[in-house]
Structure formats: C-alpha cells, structure tokens
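*Asks:* Coordinates for the following, if possible.
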Amino acid sequence: VKELTTLLLGPERLDVSDMRANVSLRDGYDKSSAVIRWFWQVVEEMTYEEQQRLLMFWSGCPIPPLHGFSSKLNPSGEAWAIHKLNAPPTTLPTASTCMYLLNLPPYPTMQTLRAKLMLALTFGRQGYDQA
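*Replies:* Numbering: from 1, shown residues only. Sure, this is the predicted structure:
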C-alpha cells in the first residue's frame, strides 16, 4: 500500500539534494552564485506543501519525478534548469513548464528572493490546479 501511495501521491518529502545535483544552471548562474545558494536554502526551508507548489509552478506537476530528477527530461532531452532572467529585482520568477525551466532574476538578497518566489508560487500556479 505504501508503494502505491508513493507512486500516486509522491514521496512525503522532496529530495532537495537529488534536485540540486540534477538541475542545470544557465546563462550566468553557477553553483557558487549567491542567488542559487539562496534558492536552495529557501527550498530546503519550505514546507512540503510549498515544495509541491514549486514543482507545480516549475513543471506543471506537484509530484517529484518517480525515479528522481535525473530521469525527468524535457522533450529536448535536457534536465531541469534554472535560467538567469536578466530583469530588475522587482520581477517575479517565471517558468516554462514544458521545458522544466525556472527563470530566476538576480535578486539582491535572500529575503527578496524568498518573497518574490513565494508570491509567484501563490499566484503563478493559477490554471494548473483549476480543473
């Protein structure tokens, strides 16, 4: 029963280390970028419900990939990615769900990143959870 529940509903917690290891960084971001370090800290501090909203926003599905993030590729065969969105820090993050692409502006502080990301996760999922 537990295996079937996990298959249908996903795990009880997002494997952030697997996600971090398999997400590509593009267009000026790398593992040492402050915004990327802050992003992963914010994701680790999220509740599971918030992490599910992140997945919904990023991919259109609130459930983590069954076999981990290395197995979930977009139609072009690329992995999940975070793209540096060259926009002012007042801009909210955006996502291209079919491409598993999160567009993240270069926020000046972790607090700004957290606030903008949570705002996007709250209001940017409109449509996906409306059936």
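*Asks:* List the buried residues of stretch 111-123.
*Replies:* Of all the residues in stretch 111-123, those buried under the rule 16 or more other Cβ atoms under 10 Å are Leu113, Arg114, Lys116, Leu117, Ala120, Leu121. For every residue, glycine as well, the C-beta is placed using N, CA and C.
*Asks:* Switch the residues you listed over to JSON lines; also include secondary structure.
*Replies:* Formatted as JSON lines, the buried residues of stretch 111-123 follow (DSSP: H, G, I helix; E, B strand; the rest coil):
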{"residue": "Leu113", "secondary structure": "helix"}
{"residue": "Arg114", "secondary structure": "helix"}
{"residue": "Lys116", "secondary structure": "helix"}
{"residue": "Leu117", "secondary structure": "helix"}
{"residue": "Ala120", "secondary structure": "helix"}
{"residue": "Leu121", "secondary structure": "helix"}
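*Asks:* Which of those residues sits closest to Leu14?
*Replies:* Among the buried residues of stretch 111-123, Leu121 lies closest to Leu14 (Cβ to Cβ), at 13.4 Å.
*Asks:* In terms of helices and strands, where is the nearest residue to the closest one once chain neighbours are set aside?
*Replies:* In space, and not counting its chain neighbours, Leu121 is closest to Arg53: 4.3 Å by Cβ to Cβ, 6 or more residues apart in numbering. Per DSSP states H and E: Arg53 is located in helix 48-59.
*Asks:* Beyond that helix, next helix or strand please.
*Replies:* Downstream of helix 48-59, the next assigned helix or strand under DSSP H and E is strand 81-84.
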